[in-house]
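[1] give me a model of this one.
(chains A and B)
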Amino acid sequence: MESVRPYLQFARLAFQRRATYRLANWSGVAVNFFFLLVHAQVLIGFFRARGNASGWTANDAVLYFASSESLLMVIGIFPDYRYNLAERVRTGEIVSDLVRPLTLFWRELAERYGTGAYYLVTRAPAVFAAGWLVYGLLPPLRWELALFPLSLALAITVSAGLWFLACSSAFWRESASGEMSAIVFVNSFLGGVFVPLDFYPQALRWAADVLPFRATLYTPVAILTGKLSGAELAFGILHQMVWCAALALLAFRLESRGLRRLAIQGG
Amino acid sequence: MNSLRFYLLLASASLRSHMQYRGTFALRSAIDFGVIISDLAPVWVLARYFGSLDGWSFAELALLYGMVATSWGIVEVTLRGFENFSVYLVRGDLDRLLLRPRGVILQVAAHDFEMRKLARVAQALVVLVLANASLGLGLGSLAWVALGIAGGTLCFAGIVMLGASAAFWTLGEASELQNILTYGGSAALSYPVSIYTTWFRRVITYGVPLAFVNYFPALAALGRTEAAGWPRVMPWLSPFACSVALFAGMACFARGLRRYESTGS
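    Coordinates of the predicted model:
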């Protein structure tokens, strides 16, 4: 059994790397808040013609976006284009990982958790508070909320798995930035960043329920909004768990195969 | 024109370097085309579910999207250097540009010229063509669309320059802020400005002339200016409002450049 300590250190460093740039975080709060305002007003606009849709009201939609914009960075919907596995492969820096007894996927996961923790204490409360000041909406207190921390942790894990998959293509090609953009587009759409999945046409909804993407944003956010209960809640959490396991297994396989392919440039 | 030739020279150098990896270039272009999935598909989902938005059908919303995405795409291709400007500033790359006997704005603009982003313009143009096919716009309306796109390009050019000039003061720590007006602006403009609450509408009309990018020209193109309660003159003001944004951006950048002292080493 490997020691956990180096990974705790990676998590701590990822936390500190973000914490160095305070102003950057505040700029990010402003960006999230702006998108919150846009999404909320668009949905309010669409709801103006009808009061209730698929069991949702305009208020539910606003709360959904207040939650999703608060959690986007915690979950890691956007990749870090500067510090990631693919960049380490490209620059050859990955050598320093290889000389240590290190599992690359665990490192990725630890860094995701460190980053997520930073945004959870800084970004999320600020964005949510700003949304609350404008719309005065809070998550409804129900017992289902107790599952939110678990769902959030699973979401961060799935997100780490997706980024690891995208980045590991750098073992075979010289870059993975295209793969990362592709994941951003698909994850935004099928993860429910712009529209709650409840409004999707049947076929798309079905695709979203099978593919891993709803596990990143939709499930934790819908739990926080109070829109998942009973069988749907059970399915959501189970779906997250299954994809966590599947992506982790895939990541380990890609890691061992990729490392065999890897040739470090240098001279 | 000497400066245009110079810009093309720098751009083609960037292009040649990207073309060293043809496969990657093709793949990334294809993926950039996929921005349509994250940006337009949600509009389609909502319009399909709810019917229309404040009297705007999906085809009309697609027209708004096509216009703003074309303008923003053109700026992303041609002025990429301003988006990454804070990085050059921090790394000291700007000093190298200052040493050359050519305009700095031109050199920054051509820095990191990314041809693959043309795919973003292409997807926007495809949307425009389809929207037009469904709406059956006349020649006059199409002229308004073209005018809007031209104005929008100037406006977004001003915005990225404004964002870049902020780096002179913040050294790039606040570089995310410009995303509000660029990515956030394009997202907001995919819907008619009329749906926003009064203060928000005022900010994106009079504060930053975003509404002039596509909303007013689209109103004119669709012949609904007065129905929407705006003075007839608003669409005509578009080129002027957008030029003001461009000049404001250029002026800020020039100011920042004047106060710039190299980081040294």
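
[2] enumerate the residues of chain B near chain A.
    For chain B, the residues in contact with chain A (CB under 8 Å from any CB of the partner chain) are B:21, B:23-24, B:27-28, B:31-32, B:34-35, B:37-38, B:41-42, B:45-46, B:48-54, B:170, B:173-177, B:179-180, B:184, B:187-188, B:191, B:195-197, B:200. Every residue, glycine included, has its C-beta placed from N, CA and C.

[3] for chain A, what is the nearest residue in the stretch 101-250 of chain B?
    Of all residues in the stretch 101-250 of chain B, the one sitting closest to chain A is B:I195 (3.5 Å; CB to the nearest CB).

[4] mind listing what's buried in the strand or helix carrying B:R255?
    Following DSSP states H and E, one finds B:R255 within helix B:234-259. Along helix B:234-259, these residues count as buried under the neighbour rule (16 or more other CB atoms under 10 Å in any protein chain shown): B:234-235, B:238-239, B:241-242, B:244-246, B:248-250, B:252-253, B:256.

[5] about what we covered before: show me the residues of chain B next to chain A that map onto helices.
    Per DSSP state H, helices hold the following members of these: B:23-24, B:27-28, B:31-32, B:35, B:37-38, B:41-42, B:45-46, B:48-50, B:170, B:179, B:187-188, B:200.

[6] can you pull the pLDDT of B:G138?
    B:G138 is assigned 88 on the pLDDT scale.

[7] going through the residues of chain B next to chain A, which ones are buried?
    B:24, B:27-28, B:31-32, B:34-35, B:37-38, B:41-42, B:45-46, B:49-50, B:53, B:173-177, B:179-180, B:184, B:187-188, B:191, B:195-196, B:200.

[8] flag the shaky bits of chain B, pLDDT-wise.
    Within chain B, the ranges that satisfy pLDDT under 70 run B:1, B:263-265.

[9] what number of residues lie near the closest residue to the residue of the stretch 101-250 of chain B closest to chain A other than its chain neighbours?
    In space, and not counting its chain neighbours, B:I195 is closest to A:G45: 3.5 Å by CB to CB, 6 or more residues apart in numbering or on different chains. A:G45 is flanked by 20 other residues according to other CB atoms under 10 Å in any protein chain shown.

[10] residue contacts, A:G45?
    B:53-54, B:191, B:195 (CB atoms under 8 Å, 6 or more residues apart in numbering or on different chains).

[11] got the residues of the stretch 1-150 of chain A near chain B?
    Residues of the stretch 1-150 of chain A found near chain B (CB under 8 Å from any CB) are A:21, A:23-24, A:26-28, A:30-31, A:34-35, A:37-38, A:41-50, A:53.

[12] which of the residues you listed are buried?
    Buried members of the residues of the stretch 1-150 of chain A next to chain B, scored by 16+ other CB under 10 Å, are A:24, A:26-28, A:30-31, A:34-35, A:37-38, A:41-47, A:53.

[13] helix/strand/coil for the residue in the stretch 101-250 of chain A that chain B sits nearest to?
    Of all residues in the stretch 101-250 of chain A, A:F194 sits closest to chain B, with a separation of 3.6 Å (CB to the nearest CB). Under DSSP: H, G, I helix; E, B strand; the rest coil, the three-state class of A:F194 is coil.

[14] nearest spatial neighbour of it, chain-adjacent residues omitted?
    B:P42 (3.6 Å).

[15] the residue nearest to B:I195: which element?
    Element membership for A:G45, per DSSP H and E: helix A:22-47.

[16] for the next helix or strand after that helix, packing partners?
    Proceeding N to C from helix A:22-47, the next assigned helix or strand is helix A:58-75, under DSSP H and E. Helix A:58-75 is packed against helix A:22-47, helix A:104-121, helix A:123-135, helix A:148-168, helix A:218-225, with contacts defined by 3 or more CB pairs under 8 Å, 6 or more residues apart in numbering or on different chains; DSSP states H and E.
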